[in-house]
Each structure stands twice: as structure tokens, then as C-alpha cells.
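1. Sequence and predicted structure, then a few things I'm wondering about:
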Amino acid sequence: RKPRGFPPGPVRLPLVGYLPNMKSEHIYKQLWQMSSTYGNIIGLYFGSQATIIVNGWEAVKESILNDDLDGRPENIFSNIFFNDKQRGVMFVENDFWKEQRRFTLHKFRDLGFGKRSHEEVIQEEANELIKEIKETKGSISLQGMVGVSAINILWALMGGTRFSRKDGRLLHLVNILNELFRSGNAAGGIETVFPALRHIMPDSSSFNTAIRNIKPIQEFIKKSVAEHKADFDADNPRDFIDIYITELKKRKFEEDTTFTDDQLLAICGDVFSAGVETGSSSVSFAILLSVLSPHVMGKIQQELDNVVGNVRLPSMNDRTKLVYTDATQTEVFRYRGSAPLTVPHKALRDTKLQGFRIPAGTVVMNNLYSVHMDPGYWGDPETFRPERFINPDGSFRKDERVIPFGKGRRSCLGESLARMTTFLLFSSLMQHFTFSLDPAIPVTNTDGKMGFTLAPPDFRVFAKARL
Ligand code: HEM
């Protein structure tokens, strides 16, 4: 069939395109609503940038599985920090991306089978978190506390060390990562379209806040890499940074190598920015939603008592038996996944989507929220109901339409680590505490706060020890 033209969409205003109409909060809802007027694929312009919004399971699946749409638009933060170059894994494309992604993924996997498994690292952090919660008087803010665990888990992999939970540097990093992720705009925002604007924007603008917060993260990583180089031992690689330094040395005389010092800094930065806030938001959302549905919390605790008992922490081996806990975690990913929109993709060459013609260079925004909240498929998507993932015979019901990590070759690089982290931290917390909301900070709805990613609303909980 002959491709149709560029997808239909709202009128293109001169210069700015659709930008002035974008609401900053929960943009993914607005982008989905537009489907009722224009269909599942909407064509619009951010400034002069041709962009398509992709809504609904059929269209999103076709889009994220189409390798022609595996590119990424330029990331201006990378331009600012790496001399107008795209570095890292998240915003690079083509052969450069393939080589760096493959390397990072393989080495992460190998490290998980190394001296200490990922599972052991996560369980150690779960123990420390439980200890801190027990020692804290009054109500607690989980987002920050779990953020500390999330950094320690990732940094064990990247930099080989763990920080004391009270370490000032660590707490500072957690705070700036949280601020960074709330200040951003998953849809890009005006500065992405008109980079020059940042020079005249006030320091308080979200863009300048982001820059201010990225800098100390970069400094932290730079310093760690320098320390690794200073006591590097080729026979005894301790972590990802050491493994990457080994590769740098091996390829020192290769022309056109993609392995560079800048690239190491950028990968560490990408992992931090992709992994810390998403992980802690997922666990905090899981706790908040369980607190708001006490029968869910009760069922999880009963299941944990039966399957795991009270002398050891839950492990990944327990997972197939922890059906209700697994179903709850899956429901949290569906209901409040931390990425309602994937990272933007870009058409690498002219291609087709749902019969429409998509020219090379078009930016593609895949709306995962529209898949997870489709009433036609889920029936009652607005209800938080883990039971939807349990078969009548009591087994776990897997559903291909739950895709919080995306799908295809651009899907989340940290998926297996993130799944392990969220499952083990959430189940360990549920095993040890009964949580209740601190009424001093009422939660009026669970929509959460959107920035680059979706985080829970502010809330505090009292934690009553069960063990
Ligand atoms: C619950 C936690 C997490 C969620 C929900 C999540 C979700 C996602 C999503 C939706 C994408 C974009 C997929 C696309 O563009 O089509 C992504 C990309 C990515 N994520 Fe995650 N993520 C999580 C945790 C992590 C962790 C822990 C790491 C680090 C180890 C990580 C590293 C990455 C990287 C590097 C990319 C870019 C991949 C590429 O462009 O090739 N993420 N993630």
C-alpha cells in the first residue's frame, strides 16, 4: 500500500509550531488526548522540528520495534558538556551507539556474575535501608532514603565502592538528582528547540537549574575516574570504570575508536541519570500505592511471611512463589511507570509507521502511558488492582502490554538490574514494616510529579517494625 503523507496534527504556528500549547504538567496526558482528534499518530512541529506522537499499543509496538526509528535527537546537555558532541549511550546512534551499548551491557552482566552478584549488593543495601528506617524517629520521606540505596547499588557496579548512608557527598548527589529530574521536561521544552535561549534565561529557569545540577554529578564522576586511574591494576579490575580503562588502554593507538575518556564520563553520567531517580521513584510509588490500599499491603505481607519467613530477606529465587508481590510491582509499573514517554527516538532514514510516511530526522515520542492506561484493553485502568495480573489458577499473568522499560533494541539498558532492585527493595521493606501515611502531608491524588520522569507526589510515612 502506498504510504500516506505526514501524519495529521494541530496547525503549525510560524516559528514556534505547537510549543506554546504545551502544558508543562503531565504532558503525556495531553499528547494522548490529541488522539481523539487526529488518530494514533499525530504529526506536529516543535519550532521547526518535525515530531510525531505515537499513542496506543499497536502503533507504539510498531514504532519501538522499527529499527529505522532507533535514532535519538541531539541532547543539548551533551553538547554543552562534551564540546558540541553527543557522547554516552542514551543520545548516540548508529554504529557508535551499537558498539558502546553492546560493550556496556555485556560488562554489566559479567560484573553481576563476578565477585559479588547484583543480588548480594542489593540485599546489603536493603539491610542498610531497613536499619536506617528503624533508627529514624517520626515519619520518613522514602524518596530520598531509597535514592541513597539506588545510588549505592549503581555505584557498586560502576565505581566499586559504597558510601555510608550518612556521607554528605552521597546525600548531596541524591538531592541534585531529584531536583534535576523534576526540573526537566520529558518532551524537550523550548530550550531544546531554541538552544540560544538559554543564554538569556534567568538562572532560576528549569533549564539552568538542570545545568547547575548536572555539573556536580560530572565533577563527582571525573574525580572517581581520576582516582581509578591513579591506583589502576590491570590484573585486578574492580568495577566498570576499571574495565573501561582497560579497554581505553587496549585501543589507545586505534584511529577512530569510539572508546575515549569523554565517553567513559558520559556513560557513567547516563547510568546515573537513567538509573537513580527511576529506581527510587518506582519503589516509593510502590510503597505509597500499597499504603493507600491497605488490603494490598496485607496480602503482600501474608505472602512474604508464608514464602520467605522472618529470618532472611526475600531473594530472586522466591519471586515465582511471590505471585501477589510480583503482581503488585507489575501493577505499579503499569499504573505509575517512571517513564510515561520513552526517551525521544528519531527516524534515521525515511520510513513508514502505520502507513504514514515518516521522513528521516523526524523526532518520535512514544507514549507508554497511552498503552498502560487504555480503557479499551484494561477495562478499569484508573483502578490500582494487582489482581489483574493473577490468573484464576493463582499463577502470575504476564501481559505483553506492560512495557515500562520500552521494547526492542533501544529499550532500557538497565532493565534487569532495575527489575531486581525494585523487587528486592520493595519486598524487603514490606517484609519489615507496616507503613501508614503521615497526615501532616496529605496525598490528594497519586498523579505524581512529572519532569524528565514521573515521581510520586510528596508524602511521608510512619514505619512500624514487623520483625
Ligand atoms: C525502574 C527503573 C527504570 C525504568 C522504568 C526505566 C525505563 C527506561 C525507558 C522507558 C527507557 C527508554 C526506552 C526507549 O527510548 O525506547 C530507558 C532507557 C535507558 N535506561 Fe532505563 N529505566 C530504569 C532504570 C534504569 C537503570 C537502573 C539503568 C542503569 C543501569 C538504566 C539505564 C538506561 C539507559 C542507559 C537507557 C538508554 C538506552 C539506549 O538509548 O540505548 N535505566 N529506561
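-> Received, thanks.
2. Those residues of the stretch 101-250 of the chain touching the ligand, which are they?
-> With C-beta under 6 Å from any ligand atom as the criterion, the stretch 101-250 of the chain meets the ligand at residues residue 101. Every C-beta, even on glycine, is put in place using the N, C-alpha and C of the backbone.
3. Just give the number of residues close to the closest residue to the ligand within the stretch 251-400 of the chain.
-> The minimum distance from the stretch 251-400 of the chain to the ligand, using C-beta to the nearest ligand atom, falls at residue 275 (3.0 Å). Residues lying near residue 275 (other C-beta atoms under 10 Å) number 23.
4. Check residue 178 too.
-> Using other C-beta under 10 Å, residue 178 is surrounded by 21 other residues.
5. Now the residue of the chain found nearest the ligand. Nearest residue, chain neighbours left out?
-> Across the chain, the shortest distance to the ligand (C-beta to the nearest ligand atom) belongs to residue 414, at 2.2 Å. Nearest residue to residue 414 in three dimensions, chain neighbours excluded: residue 275, at 5.2 Å (C-beta to C-beta, 6 or more residues apart in numbering).
6. ok, now residue 407?
-> Once flanking residues are discounted, residue 407 sits nearest to residue 64: 5.0 Å by C-beta to C-beta, 6+ apart.
7. The host helix or strand of the one you found near the ligand at all?
-> In this structure, residue 64 is located in helix 57-65 according to DSSP states H and E. Yes - counting by C-beta under 6 Å from any ligand atom, contacts between helix 57-65 and the ligand involve residue 64.
8. again with stretch 73-84
-> No - contact of stretch 73-84 with the ligand (C-beta under 6 Å from any ligand atom) is absent, the minimum separation being 10.6 Å.
9. contacting residues for the residue of the stretch 251-400 of the chain closest to the ligand?
-> By C-beta atoms under 8 Å, 6 or more residues apart in numbering, the contact set of residue 275 is 150, 154, 414, 417-418.
10. can I assume it sits in a helix?
-> Yes - Residue 275: assigned to a helix according to DSSP: H, G, I helix; E, B strand; the rest coil.
11. Give me the pLDDT value at it.
-> At residue 275, the pLDDT value in this model is 91.
12. On the three-state scheme, the most centrally placed residue in the chain is what?
-> Centroid-nearest residue in the chain: residue 278, 4.0 Å away (criterion: C-alpha atoms, centre = their mean). In three-state terms, and counting by three-state DSSP, residue 278 is helix.
13. For residue 116, grab the count of nearby residues.
-> By other C-beta under 10 Å, the burial measure for residue 116, its neighbour count, is 13.
14. So it: helix, strand or coil?
-> coil.
15. Please list all residues in contact with residue 456.
-> Contacts of residue 456 by C-beta under 8 Å, 6+ apart are 143, 281, 284-285, 288, 336, 446, 448-449.
16. what about 7 Å?
-> Residue 456 is in contact with 143, 281, 284-285, 288, 448, counting by C-beta atoms under 7 Å, 6 or more residues apart in numbering.
17. Could you do residue 62 as well?
-> 353-354.
18. Neighbours of the residue nearest to residue 407, how many?
-> The number of residues near residue 64, taken as other C-beta under 10 Å, comes to 22.
19. Quick check: it touching residue 365?
-> No - Residue 64 is beyond contact range of residue 365, at 11.4 Å (criterion: C-beta atoms under 7 Å).
20. Tell me which of the contacts of residue 275 fall in helices.
-> Residues of the contacts of residue 275 located in helices (DSSP state H): 150, 154, 417-418.
21. TSV for those residues, including pLDDT, distance to residue 346 and neighbour count?
-> Below are the ones in helices among the contacts of residue 275 laid out as TSV (pLDDT from 0 to 100; distance: C-beta to C-beta, whole Å; neighbours: other C-beta atoms under 10 Å):
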residue	pLDDT	distance to residue 346	neighbour count
150	94	29	28
154	93	27	23
417	95	26	23
418	96	24	23
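22. Relative to residue 464, which of the residues you listed is nearest.
-> Using C-beta to C-beta, residue 150 is the member of the ones in helices among the contacts of residue 275 that lies nearest residue 464, at 24.1 Å.
23. That concludes my questions; thank you for your assistance.
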